[in-house]
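Novice: Sharing a model prediction with you, sequence too.
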Amino acid sequence: MIEIENVTRRYGTTTVVDGVSLSIPVGGVTALVGANGAGKSTLLSIIGRILRPDAGTVRVDGLDVAATPGATLARRLSILRQENQVAVRITVRELVEFGRFPHSGGRLTREDVAHVNRAIEYLQLEPYADRPLDRLSGGQRQLAFIAMVLCQDTGYMLLDEPLNNLDMRHSAQTMGLIRQMAQDLGKTIIVVIHDINFAACHADRIVAMKDGRIVADGAPREIVTPETIKAVFGIDVPVHEVDGRPLAMYFA
Amino acid sequence: MVAEARQGLRGGWPTASKLTGWARKLEGRTLAGAALALLVVTAFCSLFIGVSNVTPLDVLRLDNSDHQTRVFIESRVPRLAAILLAGSAMSVAGLVMQTLVRNRFVAPSTAGTVSSASLGLVVATIWFGSASIFLKMSIAVLFAMAGTLLFLALVQRMKHTDIIVVPLVGIMFGGVVQAAATFLAFKYDLLQSLNAWINGDFSGTLRGRYELLYLVGGLTGVTYLFANRFTLVGMGRDFAVNLGVHYERVLYGGLCLVSLVSAVVVVVVGSIPFLGLVVPNVVTMTMGDNVRRVLPATAISGALFVLVCDILSRTIRYPYEVPVGSIVGVGGGVVFIFLVLRSRSFGS
Ligand SMILES: Nc1ncnc2c1ncn2[C@@H]1O[C@H](COP(=O)(O)OP(=O)(O)OP(=O)(O)O)[C@@H](O)[C@H]1O
Ligand SMILES: [Mg+2]
């Protein structure tokens, strides 16, 4: 369980995450939505202890992320950042292998190798497995980073816009994979996502942020309504029912 | 996708990627193996090059009173050991530094580490002239660490962390430190000693005067143990923290290791220009930046490069010796430019 209590983060005089409290039980996919600059990445980074809050605490399985040794946490919690530029020339396989670092410290066991191969296979990276990251397209690189986080095999996964740069097919497959991992393996996944329809389709719960605060929290059906979308994003969007799911027509 | 992947699983692991993976490893091993074989042969030859004519037969006689055998044990073997240890250690130090600072053009000699070590030696000689070599070396190590950390602090405060500007700042910083060292050396009549520290040279390497370098060999081994952590730190703070690496500890620990190695090498043989810059760059250009994978090749290539340069320095103006630093400088510069201009780069 992830318990977020009164987390606040400021840059200078602006408060970008403002006293957020949230509790996420084990298992399931939670989608974090909101406008650009709403504070989603900041909140996610604080949960993933790569950013320190100015106030408040985050506990994962009862462990305070600010006080728990990094190596212990890395076996329970992984985070994929929104931007993943690479200056280091390593291959896709080497990157994915680093996902096993928290478990094996770099000496890959047979089990680690199986994890690596499975992650590469799940994200269909075999054709590029031995290619350096800087020789990949943006989407292929994104898939490689997702494979690395997958390989880290933690109970909690924080994914900041995993669909960045991905085409329709890969987006749908990746979201399907994320949902599958929550269902079959009992993982707890928080995913920042911009397409509210993807969120509605694959998440169990949607949390909406605005100006550093949580303004809506509930099942997709409760959140994907014209009123809530208006409140969160400030635009009028008609919502239709398609195949038993809400579909926000925000395209025009 | 999961369904597709499961299908794949039932049919066994994909052999294509496995094969290429193996081929990669094999290729890497073959390259390292070839370099190692070349190193062994060259090392063997180097033992029998010099003013005194020593042949393998002389050595096999194992007669300690024999002049040839004494030259061999007192001078040739120590010289070879020093070359191998210093050459590999400085190359690996450069590799680690480039990874940690995330800049390919940074090396102990371009970041003020080496200059700071020689300043430390001058200071130690002036104020603790009668102290043991260990104390002097410790002071040099402290100076080298302080200089490196100062450089890092400078870089972290810079607005423009351009790939070229960073090493330029390092070179200027090193220049200032070097000037201070020269000033002190001039004032206290130590210019000759300073020159010995600045210009690396193996001609004075004798038994009893190089053994400190074994420490450096040990430190290179320690570097290998932390190789993965160095790579992860090189991928950035967030990346390292996500994988449970203690970023600051590894960064500063690694730089201290580099300073320690540099200072010991300066004390024993003097600084060897270009080495920590050229060798890691040449190796990573073809093998990538995964420290664990390239470290052995870097160590072997560094040792081989210095050994070849040293043989040249002994033979070019036979029976006189040219300072090995000059050869390394010229050779390193040429190799580097050649590789920058046309090379098969990593992965192609
Ligand atoms: N290093 C920083 N210094 C100052 N302000 C920052 C910094 N990082 C983020 N901010 C500000 O904090 C706010 C929240 O940023 P955050 O990255 O969390 O937004 P987000 O919800 O992830 O947006 P997006 O959807 O565009 O990724 C933004 O207004 C941003 O300008
Ligand atoms: Mg963001």
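Specialist: Here it is on my side, so go on. Everything numeric here is computed off the predicted structure, so don't read it as measured data. Ligands and ions are numbered 1, 2, ... in the order given.

Novice: C-alpha only now, for contacts and for neighbours.
Specialist: Fine.

Novice: and the residue in the stretch 201-348 of chain B positioned nearest to ligand 1, how many neighbours does it have?
Specialist: Closest approach between the stretch 201-348 of chain B and ligand 1, counting by Cα to the nearest ligand atom: B:Asp238, at 13.3 Å. Using other Cα atoms under 10 Å in any protein chain shown, B:Asp238 has 22 other residues around it.

Novice: now the one 5 residues further on
Specialist: Using other Cα under 10 Å as the criterion, B:Leu243 is surrounded by 28 other residues.

Novice: Not counting sequence-adjacent ones, nearest residue to it?
Specialist: Distances taken as Cα to Cα, 6 or more residues apart in numbering or on different chains put A:Ala74 closest to B:Leu243, at 5.3 Å, once the chain neighbours are dropped.

Novice: could you say which helix or strand contains the nearest residue in space to B:Gly112 that is not next to it in sequence?
Specialist: Distance criterion Cα to Cα, 6+ apart; nearest residue to B:Gly112, sequence neighbours excluded, is B:Gly174 at 3.9 Å. Using DSSP states H and E, B:Gly174 sits in helix B:165-187.

Novice: Buried residues, that helix. List them.
Specialist: Across helix B:165-187, burial judged by 16 or more other Cα atoms under 10 Å in any protein chain shown covers B:166-171, B:173-175, B:177-178, B:180-182, B:184-185.

Novice: What's the mean pLDDT across it?
Specialist: For helix B:165-187, the mean pLDDT works out to 91.

Novice: mind checking pLDDT for the residue of the stretch 201-348 of chain B closest to ligand 1?
Specialist: Looking at B:Asp238, its pLDDT stands at 94.

Novice: How about B:Arg209?
Specialist: Looking at B:Arg209, the pLDDT reads 78.

Novice: what's the nearest residue to it if we skip its chain neighbours?
Specialist: Excluding its sequence neighbours, the residue lying closest to B:Arg209 (Cα to Cα, 6+ apart) is B:Val268, at 7.4 Å.

Novice: tell me, how many neighbours does the one you found end up with?
Specialist: B:Val268 has 24 neighbouring residues, counting by other Cα under 10 Å.

Novice: Same check on B:Val265?
Specialist: 29.

Novice: repeat for B:His160
Specialist: Around B:His160 there are 11 residues (other Cα under 10 Å).

Novice: now B:Glu74
Specialist: Burial measure for B:Glu74: 15 neighbouring residues, criterion other Cα under 10 Å.

Novice: My understanding was that it contacts B:Arg207; is that so?
Specialist: Yes - at 5.0 Å, B:Glu74 counts as touching B:Arg207 under the criterion of Cα atoms under 8 Å.

Novice: on that earlier part again, go through the buried residues of helix B:165-187 and name the one nearest chain A.
Specialist: Within those, distances to chain A taken as Cα to the nearest Cα reach their minimum at B:Val166, with 15.6 Å.

Novice: got the angle for the helix or strand just after the helix holding B:Gly174 vs helix B:165-187?
Specialist: Next along the chain after helix B:165-187, taking DSSP H and E as the criterion, comes helix B:191-198. When axes from the mean of the first three to the mean of the last three Cα atoms, to 10 degrees is applied, the directions of helix B:191-198 and helix B:165-187 differ by 150 degrees.

Novice: how much space is there between whichever residue of the stretch 151-300 of chain B sits closest to chain A and B:Ser193?
Specialist: Across the stretch 151-300 of chain B, the shortest distance to chain A (Cα to the nearest Cα) belongs to B:Gly244, at 4.0 Å. B:Gly244 sits 46 Å away from B:Ser193, going by Cα to Cα, to the nearest Å.

Novice: got it, and A:Asp112?
Specialist: In terms of Cα to Cα, A:Asp112 sits 54 Å off from B:Ser193.

Novice: between the two, who's got more neighbours?
Specialist: It is A:Asp112, of A:Asp112 and B:Ser193, that has more neighbours when counted by other Cα under 10 Å, with 20 against 15.

Novice: close enough to count as contact, the more buried one and A:Arg100?
Specialist: Yes - A:Asp112 is within contact range of A:Arg100, at 6.4 Å (criterion: Cα under 8 Å).

Novice: Can you name the residues that contact A:Val215?
Specialist: A:Val215 sits next to A:207-209, A:232 when contact means Cα atoms under 8 Å, 6 or more residues apart in numbering or on different chains.

Novice: Name the nearest of those residues relative to A:Val20.
Specialist: Ranked by distance to A:Val20 (Cα to Cα), those are led by A:Met209 at 9.6 Å.

Novice: host element of that closest one?
Specialist: Residue-wise, A:Met209 maps onto strand A:205-210 under DSSP H and E.

Novice: Would the helix or strand immediately after that strand in the chain count as contacting ligand 1?
Specialist: Using DSSP H and E, the helix or strand that follows strand A:205-210 in sequence is strand A:213-218. No - interface with ligand 1: strand A:213-218 contributes nothing (Cα under 6 Å from any ligand atom), its closest point being 10.6 Å away.

Novice: Compute the distance from the centre of strand A:213-218 to the centre of its chain.
Specialist: Mean-position distance between strand A:213-218 and its chain equals 17 Å (Cα atoms, centre = their mean, to the nearest Å).
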